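S.K.: Pasting the sequence and the predicted coordinates here, then a few questions.
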Number of protein chains: 2
Amino acid sequence: MTPDLGPLGLIAGGGQMPHRVIAAARASGREVFVVVVEGWADPADFAAVPHIVVRVGAGGHAMEQFRAHGVRQIVMCGRASRPSFTAILPDAGMARMLLRVGRAAWQGDDGLLKAVVRILEEDGYEVVPSQAIVRDILPEAGQLGALAPDERAREDIGRGIAVVRALGRVDVGQCAVVQQGLVLGVEAIEGTDALLARCAGLRREGPGGVLVKLVKPGQDRRVDLPTIGPVTIEGAAAAGLAGIAIEAGGTIVVDRPATVAAADAAGLFLVALSAAELQSTETTP
Amino acid sequence: MTPDLGPLGLIAGGGQMPHRVIAAARASGREVFVVVVEGWADPADFAAVPHIVVRVGAGGHAMEQFRAHGVRQIVMCGRASRPSFTAILPDAGMARMLLRVGRAAWQGDDGLLKAVVRILEEDGYEVVPSQAIVRDILPEAGQLGALAPDERAREDIGRGIAVVRALGRVDVGQCAVVQQGLVLGVEAIEGTDALLARCAGLRREGPGGVLVKLVKPGQDRRVDLPTIGPVTIEGAAAAGLAGIAIEAGGTIVVDRPATVAAADAAGLFLVALSAAELQSTETTP
């Protein structure tokens, strides 16, 4: 029991991660109060937990509810769709908050996320990374499954690192697909699943390529870390890829046993790259 | 008549550009010998011109034919699909050429193109840019149609320039779509039409975005310049965009009167950015 921290606040998007956070917090004896974001996650999945459903713009209401429930620490995780203009129409509380952070905070593709983190902190909340609640979701460097990348795949990984880093420096996507030295696709806001689906139709005959998914340089590591899971393995296999390279200590593997088992079953390698590997590969000509 | 230059050799991909080159060369009294690349262009469209059809790998055969026809200058233009492993299986002549340029020439997404240019030059051919044959396809800086970008669109153009430049530096795509500061998509090998089709489903409500299409830094300006035409306007309009920004002197407008008319009819702006505008916008924070 950690009653001094109060219940954990959770702003929940789609996918498995929010449920992993809830399970881990409860396993440690801590209560959770969830703000389910409308359109990102299905409220029915949170029936067993105290929760409210809010649209993206209703940040004022969410904050009142966090306060009323004694929340002082907040985790934000799960898949987010970029909000539409209507969904984001601010309520009164949100409008005040937005005025406070100003328009500058909205620049870049992570603008909304960064603005929300800043608002929460200015209001005295501590924004806690999901990896502080759920253990072992950030793999150490090394080979995670039964297979290892071959020489061709290692070259594709090197090219992928250079491309993802270049994209990350202008605050765009987190991943790219490379086959035989050719960049089949790069991610913007469509998400990794859509990128993989597209690359299935763009791949060439011959040896399969790789998905490289890394943290953006300068990214706030408390929120929106790149994530893979069994669904990613499925997509990569359907796209005919040879494997996946992620960032050790930076890319979340949502359900590691299931993800590794799926990769092994599909004949894909899954490798977590160390900072040194990322550095050396990126600077190789 | 310019008999001293011999007939113009043309390696033709898809789209309008090869036909514009043929028309312009013939209008100046010059004969053209065309190598139609199988799978990229429809041979039936070249029925009225001396031509052969070769698959990508049959470079040896193409070179023999150029030599037999007295070709000394060659234009390469038109839309290229990335070849499959089978299509690229080299014939004997091509295999010798590939051995000569070595594997290094195949790195990067423009590897094949660069290798071909190098082979042609080493064999004594002059690689001539299509803009040297067809006049007025590279617009000067300024507004091309009836409409001008507004303040919001200018900001999106600025973000697009930064993103396309970053991609270009790692030798990936030539364009990006930006709406309300958000990068909806970036191009790898899928091509601009596919990028626009995808962005139609990713756009947010509210004011439309922009397509930014620029030359890659360090790109060989004799081949593969970014190109737009009436089909690009159609795709941009279907994606709900407000307009298109291209690089003055660098982005080819295939059929300028038809392209500008289509943009005006669809309510899209079309603007060609000067080197100074590209520079200043890119460095603005």
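M.R.: Received the coordinates, thanks. On a predicted model such as this, the values are computed, not experimentally measured, just so you know.
S.K.: Flag the shaky bits of chain A, pLDDT-wise.
M.R.: Under the criterion pLDDT under 70, the flagged ranges of chain A are A:1-3, A:81-90, A:97-112, A:281-285.
S.K.: So which residues of it form strands?
M.R.: Ranges of strands in chain A, per DSSP state E, are A:8-12, A:32-37, A:51-54, A:73-77, A:126-127, A:142-143, A:175-179, A:182-186, A:210-213, A:227-228, A:243-247, A:252-253, A:269-273.
S.K.: Give me the sheet partners of the last one and which way each runs.
M.R.: What that stands for is strand A:269-273. For strand A:269-273, the pairing partners within the sheet under DSSP bridges are strand A:142-143 (antiparallel), strand A:243-247 (parallel).
S.K.: just the fourth one next, same as before
M.R.: When pairs are called by DSSP bridges, strand A:73-77 turns out to pair with strand A:8-12 (parallel), strand A:126-127 (parallel).
S.K.: Also the longest one?
M.R.: Next to strand A:32-37 in the sheet, as set by DSSP bridges, lie strand A:8-12 (parallel), strand A:51-54 (parallel).
S.K.: can you list the domains in chain A?
M.R.: A:8-132, A:142-281 (automatic domain parsing).
S.K.: Adding mean neighbour count, write the ones you listed out as TSV.
M.R.: C-beta: built from backbone N, CA, C; applies to glycine. Below are those laid out as TSV (neighbours: other CB atoms under 10 Å in any protein chain shown):
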stretch	mean neighbour count
domain A:8-132	18
domain A:142-281	21
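S.K.: Which one, of these, ends up nearest to B:Gly240?
M.R.: domain A:8-132 (12.3 Å; CB to CB).
S.K.: sorry, back to before: right, so of the strands of chain A, which gets closest to B:Val164?
M.R.: Among these, if distance is taken as CB to CB, the winner is strand A:182-186, at 11.6 Å.
S.K.: Turn the strands paired with strand A:32-37 into TSV, including distance to B:Ala275.
M.R.: TSV is the format used below for those (distance: least, CB to CB, whole Å):
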stretch	distance to B:Ala275
strand A:8-12	45
strand A:51-54	48
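S.K.: ok so, going back, okay, the strands paired with strand A:73-77 in CSV with distance to A:Pro226 next?
M.R.: CSV is the format used below for the strands paired with strand A:73-77 (distance: least, CB to CB, whole Å):
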stretch, distance to A:Pro226
strand A:8-12, 18
strand A:126-127, 18
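S.K.: Which of the ones you listed sits closest to A:Asp264?
M.R.: When the strands paired with strand A:73-77 are compared (using CB to CB), the closest one is strand A:8-12, at 30.1 Å.
S.K.: Quick check: beta-bridge partners of A:Val271?
M.R.: A:Gln143, A:Ala245.
S.K.: so what's it up against?
M.R.: Residues near A:Val271 by CB atoms under 8 Å, 6 or more residues apart in numbering or on different chains: A:142-144, A:148-149, A:157, A:243-246.
S.K.: can you do 10 Å?
M.R.: A:139, A:141-145, A:147-149, A:153-154, A:157, A:210, A:243-246, A:248, A:277 (CB atoms under 10 Å, 6 or more residues apart in numbering or on different chains).
S.K.: Quick check: A:Gln180 touching A:Arg152?
M.R.: Yes - applying CB atoms under 10 Å, one finds A:Gln180 in contact with A:Arg152, separated by 7.2 Å.
S.K.: any common contacting residues for those two?
M.R.: Common neighbours of A:Gln180 and A:Arg152 (CB under 10 Å, 6+ apart) are A:206-209.
S.K.: need those in TSV with distance to A:Ala62, can you?
M.R.: Below are the shared contacts of A:Gln180 and A:Arg152 laid out as TSV (distance: CB to CB, whole Å):
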residue	distance to A:Ala62
A:Gly206	50
A:Pro207	48
A:Gly208	44
A:Gly209	41
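S.K.: Which of those residues lies at the shortest distance from chain B?
M.R.: Distance to chain B across the shared contacts of A:Gln180 and A:Arg152 (CB to the nearest CB) is lowest for A:Gly206, with 3.9 Å.
S.K.: thought the closest one was touching A:Asp156?
M.R.: No - if you go by CB under 10 Å, A:Gly206 and A:Asp156 don't touch, sitting 11.9 Å apart.
S.K.: okay, and the common contacts of those two?
M.R.: A:179-180.
S.K.: Tell me if the top helix by length along chain A is near chain B.
M.R.: Ranked by number of residues, the top helix in chain A under DSSP state H is helix A:151-169. Yes - under the criterion of CB under 10 Å from any CB of the partner chain, chain B is reached by helix A:151-169 at A:155, A:159, A:162-169.
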